[in-house]
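**Student:** got a sequence here, can you build the structure:
(one chain, ligands or ions: 1)
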Amino acid sequence: MGAKLEKMSNTQFNQNSADLVLKNGKLLTMDAARPRAEALATREDKIVALGSAAEIEPFISSRTRVIDLEGQLACPGIIEGHGHYMSMGESLMGLDLRPTRNWKEVVDLVAGVVPAVEPGAWIVGRGWHQAKWDDRPSPNIEGLPLHHKLSEISPNNPVILIHASGHAVFVNVLALKASGIYADTPNPAGGEIVRDSQGTPTGMLRETAQDAAREALAVNLSKRPADVIDSERRRQVKLAADEAIANGITSFHDMGETFQTIDLYRNLADEGNLPLRLYVCVQEPSEVMQGKLADYRMVGYGTNFLTVRAIGEKVLDGALGVHGGWLLEPYADLPECSGFNVVPLADIRRSAELAIQNGYQMAIQGIGDRAARELLDIYEKNFRLNPSREDPRWRIEHCQVIHPDDLVRFAKLNVIASIRGVFATSDGPWVVKRLGEKRARQRGYLYRTLVESGITVINGTDPPVEGISPVENFYRSVTRQMENGELFFPGQRLTRQQALETYTVNNAYAAFEENIKGTLTPGKLADITVFSRDIMTIPAEDILNTKIAYTIIGGNVKYPES
Ligand SMILES: [Zn+2]
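**Tutor:** This is a model prediction of the structure:
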């Protein structure tokens, strides 16, 4: 009988041999039951076994793809915890102006595409930055060009060139006209139409002054035939996926999309064409969400490629850099200002009620300490009134300034703190100016304190606001080293273990997906990221030289493409 059993199990092994085996690696599972392994086997879209080389050997048959990791580090698939998926795709379309070194190069790039564009269609470019220029344009206003050359080379096409910061655009004269901007147009509140000495617009539109041009562009784009729009949106999905997957991302928390975009995602999921797993937040006004949320709630749709069960990212307050983050006390460098509330609290309250009714998570942006407190108040009230809604796991996005009194409330309410490690170091150079040293130290970017307060901390880079690289974000999270080499309140550094948790187990938990993602465990999805170097042990300065060796989603090697 023993022999018979053995024979049967051998046959079973053959029948159930692995589709993919990773061997000779450093597998960091993030699973306490088995923290380390050398090899792993997958079948269909799941992990079936982990262990030593000898333990995994029996899973290899002639049909198994075997990858020798050559000692590289494999960990659970990296989950981007907060991004804007379609915007990211959009940011990868159009002319890439990031490499341009002066205004002439910008104009030449635009001139190069003009002949191929239908008259009347807009030309869109992105990523220029005058600080990178080796030459001042002549003539110039405040170091910025005037529109004339751009208008000359593109007489039939409006041109809009989006600044690398996203806070301004530069346009030609046709785009100015299409936007209804003339010499007598007043500056809108919170924006500036830059003008020459005669008062004529130069083409530079700062902050809210760019809205008119962006709207004119949007109107123009929306008039195209439906099939053209559909294929462009599919291209956006593909471009965003290529960029994410090349950076080791296997799942993506998409913080705010319309129902229309979710329809597209659902179609793509039905076709098996969603390239990576999306956890999608609905971003619509409350009156639009009402009555639709129940129909759109999807969990693990399309073999776990699409989940819709959150409301986000309504912005409660503005950005800290422009004194918009809503603070409990005024800005140190602008004493009459405490920031502002963007989406009215009444709308957030209504969304929270809808979330409770429909079993959705709230994932709302709160940058300043006042914003975080208002959100905690709203969340707490809803939890209290609806005690039957267990485990809602509501989130506050960004959490850049938090009053110490509120830390205990996060923990008590099990509210998730969704941080951007890289914001601490991008914002670092001006944070002390905005908040003053004491407040910056006690309340600013308290990433380590959040973790040590027993709060679930999740991470991501907010692409396309920042690049999606988890390697860079990991590095910034564990070093707090700014571009200028200085450290930004290094006491708030995360340990490497904590930083990797924010990107794996914690991001999985924040999407209610800890049973299928976040650790390398038999039975979970075979989503795996392999780094070229051991980011857990190499000297910190070497982390940024780490490459993505493999991105594996559902047992399929998605990067590099074979
Ligand atoms: Zn965001």
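**Student:** and the residue in the stretch 451-562 of the chain that the ion sits nearest to, what pLDDT?
**Tutor:** Proximity of the stretch 451-562 of the chain to the ion (C-beta to the ion) peaks at residue 462, 4.4 Å away. In this view, the C-beta of every residue, glycine as well, is placed from N, C-alpha and C. The confidence metric pLDDT takes the value 94 at residue 462.
**Student:** over to the one 10 residues further on?
**Tutor:** At residue 472, the predicted lDDT confidence score is 97.
**Student:** and it, its phi and psi?
**Tutor:** phi -60, psi -40 (degrees, to the nearest 10).
**Student:** over to the one 5 residues further on?
**Tutor:** The phi and psi torsions at residue 477 (degrees, to the nearest 10) take the values phi -60, psi -40.
**Student:** that one reaches residue 494, doesn't it?
**Tutor:** Yes. Residue 477 lies in contact with residue 494 (C-beta atoms under 8 Å); the separation is 4.8 Å.
**Student:** which residues do these two both contact?
**Tutor:** Here residue 477 and residue 494 share the contacting residues 421, 447, 502, scored by C-beta atoms under 8 Å, 6 or more residues apart in numbering.
**Student:** which one's more surrounded, residue 477 and residue 494?
**Tutor:** More crowded of residue 477 and residue 494, by other C-beta atoms under 10 Å: residue 477, with 29 against 24.
**Student:** quick one: contacts for that one?
**Tutor:** By C-beta under 8 Å, 6+ apart, the contact list for residue 477 reads 421-422, 424, 447, 459, 493-494, 499, 502.
**Student:** same question, residue 300
**Tutor:** For residue 300, the contact set (C-beta under 8 Å, 6+ apart) comprises 306-307, 516.
**Student:** how near is it to the ion?
**Tutor:** Distance, residue 300 to the ion, by C-beta to the ion, to the nearest Å: 24 Å.
**Student:** for residue 47, same thing?
**Tutor:** The gap separating residue 47 from the ion is 31 Å, by C-beta to the ion.
**Student:** ok so that residue is a strand residue?
**Tutor:** Yes. Under DSSP: H, G, I helix; E, B strand; the rest coil, residue 47 sits within a strand.
**Student:** was I right about it contacting residue 517?
**Tutor:** No. If you go by C-beta under 8 Å, residue 47 and residue 517 don't touch, sitting 10.8 Å apart.
**Student:** mutual contacts of these two, please.
**Tutor:** What both residue 47 and residue 517 touch, as defined by C-beta under 8 Å, 6+ apart, is the set 524-525.
**Student:** tell me how many other residues crowd the residue of the stretch 451-562 of the chain closest to the ion.
**Tutor:** The number of residues packed near residue 462 is 25, by other C-beta under 10 Å.
**Student:** look up how far residue 241 lies from it.
**Tutor:** Distance, residue 462 to residue 241, by C-beta to C-beta, to the nearest Å: 17 Å.
**Student:** how close does the spatially most central residue of the chain sit to residue 464?
**Tutor:** In the chain, the C-alpha nearest the mean C-alpha coordinate belongs to residue 83, at 2.0 Å (C-alpha atoms, centre = their mean). Going from residue 83 to residue 464 by C-beta to C-beta gives 8 Å.
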